[in-house]
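**Student:** Sharing a model that was predicted from the sequence below.
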Amino acid sequence: MSRYRGARLRVIRRLGELPGLTRKSAKRAYPPGQHGQARRKRSEYAIRLEEKQKLRFNYGLSEKQMLRYVRRARRATGSTGLVLLQLLEMRLDNTVFRLGMAPTIPAARQLVNHGHIMVNGRAVNIPSYSCRPGDVIAVRDREKSREMVKANLQSPGLAHLPSHLEFEKEKLTGKVNGLVEREWVALQINELLVVEYYSRQA
């Protein structure tokens, strides 16, 4: 399945708050559709699927990409769930979003795709680029690029900058100081259920 490009509020009504997908909040508290208000008992599989979908939609991944990240997390040492979250949080599009340069992850992805972002002095247009500790993320020295980011900084997507990042507003430059800690992941999710969901596939 490819990346979702449909109605975002519909997804939020079904899965709950997704800070990376949109800044809007749903007016109705129940899921969309004819049976949205009916109370149904969800199976264990449905709960695991929902947690997986939260992760996919929040970070804007295709199913194929998601499976690839789960396999990478399994090969790494440490808790698979935590490593998975760290891999997703260290993507360039998400890092640009967390620095406040874009209001949402899709907007950050567009900034990167259009060549407005530089990593360690080189233009990078790959949103899935994995940032590493020590990487310096800056806005390209073009008037259009700087104006766009300055406008976005007036109302960033999330209020607080995570502890593993630092940002100089005057220079429009950020730095990755380490890996993200679990408490700084903005998405409310049980990552162990995601790992369980993929246990038969990955």
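**Tutor:** That came through fine. Numbers count the residues shown, from 1 in each chain.
**Student:** other SSEs contacting the lengthiest helix in the chain?
**Tutor:** For the chain, the longest helix by residue count, based on DSSP state H, is helix 44-59. With contacts defined as 3 or more Cβ pairs under 8 Å, 6 or more residues apart in numbering; DSSP states H and E, the packing partners of helix 44-59 are helix 8-15, helix 63-75, helix 80-89, helix 191-198. C-betas here are computed from N, CA, C, even on glycine.
**Student:** Between these, which one is closest to residue 115.
**Tutor:** Closest to residue 115 of those, according to Cβ to Cβ: helix 63-75, at 21.6 Å.
**Student:** Which positions in the closest one come out as buried?
**Tutor:** 65, 66, 69, 70, 73 (16 or more other Cβ atoms under 10 Å).
**Student:** Can you tell me which of those is nearest residue 144?
**Tutor:** Checking these one by one against residue 144 (Cβ to Cβ), the nearest turns out to be residue 65, at 29.4 Å.
**Student:** Centre-most residue in this protein?
**Tutor:** residue 59 (3.3 Å; Cα atoms, centre = their mean).
**Student:** which ones are touching it?
**Tutor:** Counting by Cβ atoms under 8 Å, 6 or more residues apart in numbering, residue 59 touches 20, 88, 91, 94, 105.
**Student:** Please report how far the nearest residue to residue 196 once chain neighbours are set aside lies from residue 72.
**Tutor:** Closest residue in space to residue 196, ignoring its immediate chain neighbours: residue 48 at 5.6 Å, by Cβ to Cβ, 6 or more residues apart in numbering. Taking Cβ to Cβ, to the nearest Å as the measure, residue 48 falls 20 Å from residue 72.
**Student:** cool, residue 181 as well?
**Tutor:** Taken as Cβ to Cβ, the span from residue 181 to residue 72 is 19 Å.
**Student:** Over to residue 107?
**Tutor:** In terms of Cβ to Cβ, residue 107 sits 26 Å off from residue 72.
**Student:** where does this protein dip in pLDDT?
**Tutor:** By pLDDT under 70, the weakly predicted segments of the chain are 1-40, 157, 201-202.
**Student:** picking up where we left off before, write the PyMOL selection for whichever of the contacts of residue 59 are buried.
**Tutor:** Provided next is the PyMOL selection string for whichever of those are buried by 16+ other Cβ under 10 Å:
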select buried, resi 20+88+91+94+105
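**Student:** which one of the contacts of residue 59 sits closest to residue 131?
**Tutor:** Once Cβ to Cβ is applied, the member of the contacts of residue 59 that ends up nearest residue 131 is residue 91, at 7.3 Å.
**Student:** so what's that closest one up against?
**Tutor:** If you count contacts by Cβ under 8 Å, 6+ apart, then residue 91 has 59, 127, 128, 129, 130, 131 around it.
**Student:** Hmm, the fifth one is touching residue 90, no?
**Tutor:** Read it as residue 130. Yes. Contact criterion Cβ atoms under 8 Å: residue 130 and residue 90 qualify, at 5.5 Å.
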